[in-house]
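**Student:** Take a look and give me a structure for this.
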Amino acid sequence: MYKKVLVVDDNQVDRYIAEIVMSKYAFAEQIVCLESAPDALEYLIALESTPEELPELIFLDINMPFMSGFDFLNEYESLSEAIKKKCIIMMLTTSLNENDRVLAEANKYVCSFLNKPLNKEKIDHFDDYQKKHH
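**Tutor:** Residues are numbered from 1 along each chain as shown. Down below sits the predicted model:
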């Protein structure tokens, strides 16, 4: 079980589904849901001096107004090492665009690219990934 997970998605239904699935399968003690990339960046920066409060996992939507998931990743690059060391980013999307997958997988901060909605199978897949890579 993760201590804290952050879900960044402009779609209220998708945030709700992610929260329900993670709660149901005891995936995280605390689930923080934010509806925009700027809110997420602000949230992370505010916790920079208390890295133990940072989320271990960030589920990041790609297609959001104002600032996309990829725009978020560009900004994330300039955040402190304390933040980048602690957080693992999962791209979560409805996009079937192969370019999105390629871009996401090419980013060193993104550990996985998942299609919405989040479900038990995807959470289990992530646990398997963690066991192999840590």
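
**Student:** Check the contact between residue 88 and residue 108; I expect there is one.
**Tutor:** No - Residue 88 is beyond contact range of residue 108, at 11.5 Å (criterion: C-beta atoms under 8 Å). From N, CA and C alone the C-beta is placed, and that goes for glycine too.

**Student:** Between the two, which has more neighbouring residues?
**Tutor:** For residue 88 versus residue 108, neighbours defined as other C-beta atoms under 10 Å are more numerous around residue 88 (21 against 9).

**Student:** List the contacts of the more buried one.
**Tutor:** 56-58, 111 (C-beta atoms under 8 Å, 6 or more residues apart in numbering).

**Student:** list residues touching both of residue 88 and residue 108?
**Tutor:** Common neighbours of residue 88 and residue 108 are not found (criterion: C-beta under 8 Å, 6+ apart).

**Student:** how much space between the residue in the chain sticking out farthest from the centre and residue 82?
**Tutor:** Distance to the chain centre peaks in the chain at residue 49, reaching 20.3 Å (criterion: C-alpha atoms, centre = their mean). For residue 49, the distance to residue 82 equals 8 Å [C-beta to C-beta, to the nearest Å].

**Student:** With residue 47 instead?
**Tutor:** 9 Å.

**Student:** Quick one: the helices in the chain, in order.
**Tutor:** Counting by DSSP state H, one finds helices in the chain at the ranges 12-24, 37-46, 69-76, 81-86, 98-106, 120-133.

**Student:** what is the rounded mean pLDDT of the longest one?
**Tutor:** Right, helix 120-133. Mean pLDDT, helix 120-133: 68.
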